[in-house]
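1. Have a look; sequence and predicted model below, questions after that.
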Amino acid sequence: MDKRMLWYQAVADCEARGEPYVLVTIVGVAGSVPREPASKMVITADQYHDTIGGGHLEYQVTNRARESLAARRYQSDLVHFPLGASLGQCCGGSVSVLLEAHPGSDARLVVFGAGHVGRALMTIMGQLPWQVTWVDSRPESLAFPDLAANIRPYLSDDPAAEAAVLCRGAHSLILTHNHQLDYELCRALLDAGDALSIGLIGSQTKAARFRQRLDHRGYSATQIDSIRCPVGRSDVPGKRPMEVAVSICAELLALGAESAKDRPARRGVTWASLKTLMRDMPTPATDTPAEHP
């Protein structure tokens with residue numbers, strides 16, 4: 001994001017690109033304050049958009065938000081700020097702020113191959129909260145019009161040599177036009193051992209041949225079984241590129257859902273926190289408007 005945006009534009013932009021951000025909202029005020037409840041701003045690791053009033057209050061809130069982002073602490077926090085000497089502001093009121101940290105997209109996918117299925121797949125993945133790296137060795141194949149913000153084309157002269165680094169901590173799909181390259185990519189990812197999953201396009205015959213070749217190379221049955229081939233859900237029929245892409249996406253969504261099972265049952269701001277905030281918030285004698293620093 002190179003330019004300042006209104007908060008809702010910034011949220012949409014961060015969501016589209018999968019960038020982590022903190023949405024800041026003034027939820028309560030007392031006395032004389034620079035902005036009213038419902039005022040919002042968005043803070044990322046290196047940008048901020050819109051405002052909750054500027055000054056040292058905004059500076060403190062920005063620092064707190066970026067500490068959460070740096071620590072990958074994606075949670076909601078309620079914070080109360082008296083606008084006194086400690087913040088270098090003389091408004092005399094107080095502000096209660098809700099900071100909602102959003103992780104953006106933790107789901108990463110690396111797709112090798114920009115053929116018919118790869119292109120159909122990008123049409124769908126561009127509408128999903130995944131960060132996609134789309135790899136091919138042919139510049140013309142990655143010339144895809146209106147590519148979504150969450151998809152990054154990556155031109156590589158040697159995809160197999162770069163596969164381990166690209167796929168570390170990510171799901172991977174092998175959809176290239178070359179069976180030998182597919183095999184080399186499988187070996188590179190198995191050797192690295194740190195891709196979250198490996199999907200390989202092909203028939204049952206191709207799967208059997210790859211199993212045999214990998215077995216002869218000394219890979220274990222567990223390693224070979226980790227490659228999903230044919231990739232995609234068997235209960236989604238059809239062989240057209242878009243039908244195959246839908247099948248693959250359905251499988252990816254199921255894989256992504258597995259990682260969400262360990263979420264804690266209690267999330268967000270607790271009622272106890274809300275009660276504490278309301279108890280600690282002072283009630284001013286007057287609400288006379290004043291000039292703000």
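-> That came through, no problem.
2. going forward, measure contacts and count neighbours with C-alpha atoms only.
-> Will do.
3. Mind checking what secondary structure the closest residue to Ile151 other than its chain neighbours has?
-> Spatial nearest neighbour of Ile151, chain neighbours left out: Val132 (4.7 Å); criterion: Cα to Cα, 6 or more residues apart in numbering. Here Val132 takes the strand state, with states given by DSSP: H, G, I helix; E, B strand; the rest coil.
4. if I pick Val132, what's in contact with it?
-> Contacts of Val132 were listed using Cα atoms under 8 Å, 6 or more residues apart in numbering, and they are 108-111, 125, 150-152.
5. Please identify which of these is nearest to Val236.
-> Sorting the contacts of Val132 by how near they are to Val236, with Cα to Cα, puts Met125 at the top with 17.3 Å.
6. Could you count how many residues lie near the closest one?
-> Here the number of neighbours of Met125 (other Cα atoms under 10 Å) works out to 20.
7. ok, it to Ala250 distance?
-> Distance of Met125 to Ala250, given as Cα to Cα, to the nearest Å: 11 Å.
8. can you check Asp77 too?
-> Separation of Asp77 from Ala250 (Cα to Cα): 34 Å.
9. and the end-to-end length of stretch 98-113?
-> Span of stretch 98-113 from end to end, Cα to Cα: 44 Å.
10. and if you look at stretch 140-154?
-> Start-to-end span of stretch 140-154 (Cα to Cα) is 12 Å.
11. Now do the buried residues in it.
-> For stretch 140-154, a neighbour-count test (16 or more other Cα atoms under 10 Å) marks 141-142, 148-154 as buried.
12. Return the residues in contact with the residue nearest to Leu175 when sequence neighbours are not counted.
-> Leaving aside its chain neighbours, Leu175 sits nearest to Gly113 (4.9 Å; criterion: Cα to Cα, 6+ apart). Taking Cα under 8 Å, 6+ apart as the contact definition, Gly113 lies against 134-136, 174-177.
13. hang on, Ala208 in a helix?
-> Yes. Inclusion of Ala208 in a helix is indicated when three-state DSSP is applied.
14. Just the pLDDT at it, thanks.
-> According to the per-residue confidence, Ala208 scores 97 in pLDDT.
15. Now for it, how many residues are close by?
-> Other residues within reach of Ala208 by the criterion other Cα under 10 Å amount to 12.
16. Nearest residue to Ala148 in space, please, no chain neighbours.
-> With Cα to Cα, 6+ apart as the criterion, Ala148 has its nearest non-adjacent residue at 5.0 Å, and that residue is Gly126.
17. gap between that neighbour and Arg209?
-> In this structure, Gly126 and Arg209 are separated by 33 Å, where distance is defined by Cα to Cα.
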